[in-house]
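Student: Can you look at this prediction? I've put the sequence above it.
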Amino acid sequence: MASTIRRAVIPAAGLGSRLLPLTKATPKEMLPVGDKPVIEHTVRELVDSGITDITIVVSAGKGLIQEHFRPDPGLVAQLRNAGKDGYADAVEEIAELARRGHITYLDQHGPYGNGTPVLNAARAFGDEPVLVLWPDDVFVSEVPRAQQLIAAYNATSSPVLALMAMDPADSHRYGVPVVKEDLDDGLLRITGLVEKPAEQDAPSHYAAIGGYVITPGIVDELREQTRRWHEHPQGEIYLTDAINAYAATRAVYGQVIDGTWYDTGNPLAYLTAQFAAALAHPDYGPSLRRLAHDLGAEPPTRSGG
């Protein structure tokens with residue numbers, strides 16, 4: 001029987017270069033989506049899915065992440081003395097969220113690449129499977145993405161990748177899985193990933209979208225990469241390479257996620273996520289929908305004389 005997944009890793013050491021200069025002083029993980037920083041959406045998804053041990057892998061300049069989740073009794077007391085109990089409750093609730101998720105922080109070291117933070121955190125895994133979620137993704141779904149991945153792992157006892165259906169013309173933007181078998185309910189047996197293929201070369205109409213159940217065998221493949229990382233053209237360690245090596249001889253699965261995915265890693269995607277979150281907000285949404293309607297009804301502004 002598959003083990004219960006209780007651990008998760010959130011890689012948060014990236015520079016956020018595609019969002020510069022916005023991310024020069026503010027970590028991209030702390031940019032707001034709705035009324036929460038984007039990393040809080042990820043932490044809430046994990047805690048709501050039963051995860052009780054979250055490691056956030058950070059780098060220099062990411063202190064605001066730790067400050068956000070750290071208890072602040074002084075601020076709470078100041079707010080309560082001012083009669084602002086609702087705000088005080090909100091600050092305390094964030095600290096309670098961190099306590100429930102047992103958040104710890106780990107400084108990243110080693111070669112670049114998205115496999116490195118998983119290796120940095122792997123000392124604590126033992127023989128347990130672990131969830132890996134990026135902190136710049138927001139999923140809106142009835143069942144959290146993390147729960148969907150855990151259910152797929154429980155059904156297969158194997159590594160699982162989060163997938164979504166894609167327009168074939170967008171294949172050059174994603175890792176695209178090679179599908180061996182469709183097992184229904186969105187569960188696919190896959191034999192590897194092709195990174196950013198041209199449309200005519202895409203092996204399927206699905207995209208890997210940054211959510212994984214990683215097993216000890218995948219970690220072993222990442223360790224093998226570190227022994228020859230200098231052979232990689234960029235000298236980096238990638239999860240895709242480890243997954244492909246593992247899938248050559250063992251089962252790997254993809255789970256098509258039921259929900260809506262918002263990436264926040266580039267300006268347009270970030271603004272789209274902000275706009276969608278604002279429109280969905282129960283308090284702000286109605287006014288913003290009216291504003292969007294009014295702006296859309298106005299004729300375009302003419303320039304020149």
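Tutor: Arrived safely, thanks for sending.

Student: which stretches of the stretch 1-150 of the chain aren't confidently modelled?
Tutor: Counting by pLDDT under 70, the ranges of the stretch 1-150 of the chain that qualify are 1-3, 110-111.

Student: For it, just list every one of the helices.
Tutor: 38-48, 63-69, 73-81, 85-101, 116-121, 145-156 (DSSP state H, counting those that start in this stretch).

Student: so which of the ones you listed comes closest to residue 170?
Tutor: Smallest distance to residue 170 across the helices of the stretch 1-150 of the chain (CB to CB): 19.6 Å, for helix 145-156. All C-beta spots, glycine's among them, are computed from the backbone N, C-alpha and C.

Student: residue contacts, residue 155?
Tutor: If a contact means CB atoms under 8 Å, 6 or more residues apart in numbering, then residue 155 has residue 187 as its contacts.

Student: Distance check, it against residue 78.
Tutor: Applying CB to CB, to the nearest Å, the value for residue 155 to residue 78 is 49 Å.

Student: Repeat that for residue 29.
Tutor: As judged by CB to CB, residue 29 and residue 78 stand 26 Å apart.

Student: Test my guess that residue 125 contacts residue 218.
Tutor: No. Using CB atoms under 8 Å, residue 125 is not in contact with residue 218, being 10.3 Å away.

Student: So those two - more neighbours on which side?
Tutor: Between residue 125 and residue 218, counted using other CB atoms under 10 Å, residue 218 has the larger neighbour count: 27 against 18.

Student: Mind listing what's buried along the strand or helix carrying that one?
Tutor: Residue 218 belongs to helix 216-227 when assigned by DSSP states H and E. Using 16 or more other CB atoms under 10 Å as the test for burial, helix 216-227 gives 217, 218, 219, 221, 222, 225.

Student: now do the same end-to-end measure for stretch 223-241.
Tutor: 11 Å (CA to CA, to the nearest Å).

Student: Quick one: mean pLDDT over that stretch.
Tutor: Stretch 223-241 carries an average pLDDT of 72.

Student: gap between the residue nearest the centre of the chain and residue 246?
Tutor: For the chain, the residue sitting closest to the mean C-alpha position, by CA atoms, centre = their mean, is residue 134 at 2.5 Å. Distance of residue 134 to residue 246, computed by CB to CB: 20 Å.

Student: ok, now residue 143?
Tutor: Remark: distance between residue 143 and residue 246 (CB to CB) = 27 Å.

Student: go on, residue 112?
Tutor: Distance, residue 112 to residue 246, by CB to CB: 21 Å.

Student: higher neighbour count, the two?
Tutor: Each of residue 112 and residue 246 has its neighbours counted (other CB under 10 Å); residue 246 has more, 22 against 16.

Student: Quick one: classify that one as helix, strand or coil.
Tutor: helix (DSSP: H, G, I helix; E, B strand; the rest coil).

Student: how about it, what does it touch?
Tutor: Contacts for residue 246 (CB under 8 Å, 6+ apart) come out as 159, 217, 218, 221, 252.

Student: ok, now which ones touch the last one?
Tutor: What it means is residue 252. So residue 252 contacts 158, 159, 160, 161, 189, 190, 191, 192, 243, 246 (CB under 8 Å, 6+ apart).

Student: Give me the neighbour count for residue 128.
Tutor: Neighbours of residue 128 under the rule other CB under 10 Å: 15.

Student: Please tell me I have it right and it contacts residue 8.
Tutor: No. Under the criterion of CB under 8 Å, residue 128 is not in contact with residue 8, lying 10.9 Å apart.

Student: what's the helix or strand containing residue 180 packed up against?
Tutor: Residue 180 is part of strand 175-182, with elements assigned from DSSP H and E. Where contact means 3 or more CB pairs under 8 Å, 6 or more residues apart in numbering; DSSP states H and E, strand 175-182 is packed against strand 187-195, strand 206-214.

Student: Could you save those as JSON lines and add columns showing mean neighbour count, mean pLDDT and distance to residue 60?
Tutor: Putting these into JSON lines (neighbours: other CB atoms under 10 Å; pLDDT from 0 to 100; distance: least, CB to CB, whole Å) gives the following:
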{"stretch": "strand 187-195", "mean neighbour count": "20", "mean pLDDT": "92", "distance to residue 60": "29"}
{"stretch": "strand 206-214", "mean neighbour count": "24", "mean pLDDT": "91", "distance to residue 60": "23"}
